[in-house]
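1. Fold the following for me, if possible:
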Amino acid sequence: MRPKVHVSADGSGVVGHAGARLLADLADATGLTAAYSTALRPLRPRGTGHDPGRIATDLAVMLADGGEAIADLAVLRDQGEVFGAVASTPTAWRLLADTDERTLTALRSARAQAREIAWRQAAEQGEDIPAVRAAGRMLPGLVLDLDATLVACHSEKDQAAPTYKGSFGFHPLLCFLANTGEGLSGRLRPGNAGANTASDHITVLDQALAQIPDVHRHGTDILVRTDSAGSARRPSSPTSETYGNEKSVPPSQSDTGQWS
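-> Numbers count the residues shown, from 1 in each chain. Predicted coordinates:
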């Protein structure tokens, strides 16, 4: 359990990064931390030490708070009154090192479960998924944006490589839900990965669609926007045909978000 936080305006007990605690509480309230714990349980055979689900949540909070390396967990660890007990850097490192593809699949499933709870809770409060405006008109349904980005890296980290712009680092492919700004899926790729690699686009899109709760994924129009790297063709994959709703936007319509 995280320590109970008492908020006051008397200027006593002031702490930094306190807003990040809300992210940790959100993860706990939506069941994400518990789902992570279940997914990562095989990595904690003796059931001792730090809960791996809690470590995963703390790592996510650290990144959202601006952290760039595992050592940045110290920002949370140094504020025990706000975040409680936070794992050491070596403990977090071991967890990440032991995470394989099967575990990543379980973590994606855990995120989908938590997202469904969060969306359902929002609906119960009367908050609908907001629409997206493009070229002066509202787009119906859900809008997924697929794009790659370059991340500079100043050392030869795992998978870092020269990029097409002459820099050095990574070239991940990401998918965001334009309606809410949520990051649905992503694929970490070396810097020399192709911008128009079809298999990567299909994988990231399939993983993004799997993150959308069933009540929204089926029977809802889903628009997929990409730049020219995504081509103008609707991707064909083993799982995309099971959704039946997604559409692709030609590059001329998606490069800048404007409709021709």
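
2. surely residue 71 meets residue 89?
-> Yes - using CB atoms under 8 Å, residue 71 is in contact with residue 89, at 5.2 Å. Every C-beta, even on glycine, is put in place using the N, C-alpha and C of the backbone.

3. And the two? Which one has more around it.
-> More neighbours surround residue 89 than the other of residue 71 and residue 89, with 15 against 12 (other CB atoms under 10 Å).

4. wait, the more buried one sits on residue 76?
-> No - using CB under 8 Å, residue 89 is not in contact with residue 76, being 11.4 Å away.

5. what ranges do the helices span in the stretch 101-250 of the chain?
-> Under the criterion DSSP state H, counting those that start in this stretch, the stretch 101-250 of the chain carries helices at the ranges 101-124, 198-211, 214-217.

6. out of these, deepest packed?
-> Neighbour counts (mean count of other CB atoms under 10 Å) averaged over each of the helices of the stretch 101-250 of the chain peak at helix 198-211, with a mean of 20.

7. what angle separates it from helix 101-124?
-> Comparing the axes of helix 198-211 and helix 101-124 via axes from the mean of the first three to the mean of the last three CA atoms, to 10 degrees yields an angle of 50 degrees.

8. can you start the count at 14 instead of 1 from here on
-> From this message on, residue numbering opens at 14, which makes the last subject helix 211-224.

9. same for helix 211-224, what does it pack against?
-> Counting contacts by 3 or more CB pairs under 8 Å, 6 or more residues apart in numbering; DSSP states H and E, helix 211-224 is packed against helix 114-137, strand 155-161, strand 186-190, strand 195-200.

10. For residue 90, give me its contacts.
-> Listed by CB atoms under 8 Å, 6 or more residues apart in numbering, the contact set of residue 90 reads 96, 99-101.

11. so residue 200 touches residue 185, yeah?
-> Yes - counting by CB under 8 Å, a contact exists between residue 200 and residue 185, whose distance comes to 6.3 Å.

12. Flag the shaky bits of the stretch 14-163 of the chain, pLDDT-wise.
-> Along the stretch 14-163 of the chain, the model assigns pLDDT under 70 to residues 58, 60-61.

13. go again using 90 as the cut-off
-> Residue ranges of the stretch 14-163 of the chain with pLDDT under 90: 14-32, 55-63, 81-82, 92-95, 139-141, 146-150, 152-153, 162-163.

14. ok, which stretches of it are strands?
-> 145-147, 150-152, 155-161 (DSSP state E, counting those that start in this stretch).

15. Can you mark which positions in the first one are buried?
-> Meaning strand 145-147. Neighbour-count burial for strand 145-147 flags 145, 147 (criterion: 16 or more other CB atoms under 10 Å).

16. which strands and helices sit next to that strand?
-> Judged by 3+ CB pairs under 8 Å, 6+ apart, the packing partners of strand 145-147 are strand 150-152.

17. for residue 216, what are its contacts?
-> Going by CB under 8 Å, 6+ apart, the list of residues near residue 216 reads residue 200.

18. Which pLDDT value goes with it?
-> pLDDT for residue 216: 94.
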